[in-house]
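In: Build me a structure from this.
(one chain, ligands or ions: 1)
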Amino acid sequence: MNMSAKPLLPASIGVFDSGVGGLTVLHQLQKRLPQENFVYLGDTARLPYGDKSGDTIIRYSLENAAFLMEKNVKMIVVACNTASSYALEPLQQALGVPVIGVIEPGAEQAVRVSEHGRIGVLGTKATINSGAYQKAILRRNSRANVFQVACPLFVPLVEERYTEHPAARLIVQEYLKPLKAQHVDTVLLGCTHYPLLKDLIIEEMGLGVEIVDSGASCAEKIKIVLKEWNLQAANDAIGSHSYFVSDDPLKFQAIGQQFLGMAIDKVELISFFSGKATR
Ligand code: DGL
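Out: Numbers count the residues shown, from 1 in each chain. Coordinates of the predicted model:
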C-alpha cells in the first residue's frame, strides 16, 4: 500500500437548478439517498430560466455543470425542468460523468400511472415550448394524448409564499381549466416549484387524477443508476450537503427551507465570469 497517497474525498452528486426550486428535487434525493454527499448550485443571479431562449439555457447549464465538475462529482442531476428540456444532450456530450435530468423519469412515470393515456403537462413557458415532455411521453406511448399548459405565474406565486393565498387558488383554477376540459387522468408537474402547489392542484383536479412529480421520479431513477454504475456511497456513510449560489445567499437560505423541508446552514456565493465560475 502506498502510504503517501492522499485518501480521495468521497465523490458527491452534483445538482443544479436555476435557483431555489431544485431544492424540491434535492429533498427527494436526500430522502432516498441519505448516505450520499450532495453539492447543490442554484444559479440565482440568472433565474428565471423559464422565459429564456434555448441557446441561453444551454450556455448557463454548461457553466453550472463546469462549476460542479470541479467539486469531484460522480454524477450531475439537472434538477431544473427548463434546463433538462434544452441542455441534457449538450451536457451529456460535454461531461465525462452520467448526467440525469427530470424529463425522461417524469415522462416514464406519467405513462406508467396514466390509465387512459390522457396526460396533462404543466411547466414554464420554455419547457412547454420545447415540447420535451410531450416527445418523451409519445416515445413511450405513441397513442397518448398530451395536453400542455405553460404556467408562468406559478413560480413567482411560490417564491412569494402565496401558496395559501386565495390568489393561488384562482390562478391554479385558471391554468387547470384546459386539462379539466380534456378529462386528463394524469397531471405531470414539470417544474421544480409545482410540488408546493400540489395540494391545490389535487383539490382542483379531484382525487381520481394521478399527480406525477418529476423530481420524485428523477430521484427514483438516480437510485437505480447509482447502483447500475456501481457509484453508490457506502451504506453506513453519512452524507454531507453543500450549497452554492450565484446571487444573494441569505435570500436562498431564507426561502430554501420551504423547498428543502429542512434548514440550510451555510450557502456560499460564486460568480460567473467569462463563463467560468469563481469563488
Ligand atoms: N427551475 C425552473 C424549472 O423547473 C423554474 C424556475 C425558472 O424558470 O427558472 O423549470
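
In: Wasn't residue 75 part of a helix?
Out: No: counting by DSSP: H, G, I helix; E, B strand; the rest coil, residue 75 falls outside a helix, being strand.

In: Could you check how many residues crowd around it?
Out: Residue 75 has 21 neighbours, counted by other Cβ atoms under 10 Å. Any C-beta I mention is one placed from the backbone N, CA and C, and that applies to glycine too.

In: Isn't it up against residue 231?
Out: Yes: taking contacts as Cβ atoms under 8 Å, residue 75 lies within contact range of residue 231: 6.4 Å.

In: which stretches of this protein form helices?
Out: Listed in chain order, the helices of the chain (DSSP state H) span 23-32, 54-69, 81-94, 103-113, 125-130, 132-140, 154-159, 166-181, 198-205, 214-228, 249-260.

In: would JSON lines of those with mean neighbour count and mean pLDDT be doable?
Out: Shown next, in JSON lines, are those (neighbours: other Cβ atoms under 10 Å; pLDDT from 0 to 100):
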{"stretch": "helix 23-32", "mean neighbour count": "22", "mean pLDDT": "97"}
{"stretch": "helix 54-69", "mean neighbour count": "20", "mean pLDDT": "97"}
{"stretch": "helix 81-94", "mean neighbour count": "23", "mean pLDDT": "98"}
{"stretch": "helix 103-113", "mean neighbour count": "22", "mean pLDDT": "98"}
{"stretch": "helix 125-130", "mean neighbour count": "22", "mean pLDDT": "98"}
{"stretch": "helix 132-140", "mean neighbour count": "20", "mean pLDDT": "98"}
{"stretch": "helix 154-159", "mean neighbour count": "20", "mean pLDDT": "96"}
{"stretch": "helix 166-181", "mean neighbour count": "15", "mean pLDDT": "98"}
{"stretch": "helix 198-205", "mean neighbour count": "16", "mean pLDDT": "98"}
{"stretch": "helix 214-228", "mean neighbour count": "20", "mean pLDDT": "96"}
{"stretch": "helix 249-260", "mean neighbour count": "18", "mean pLDDT": "95"}
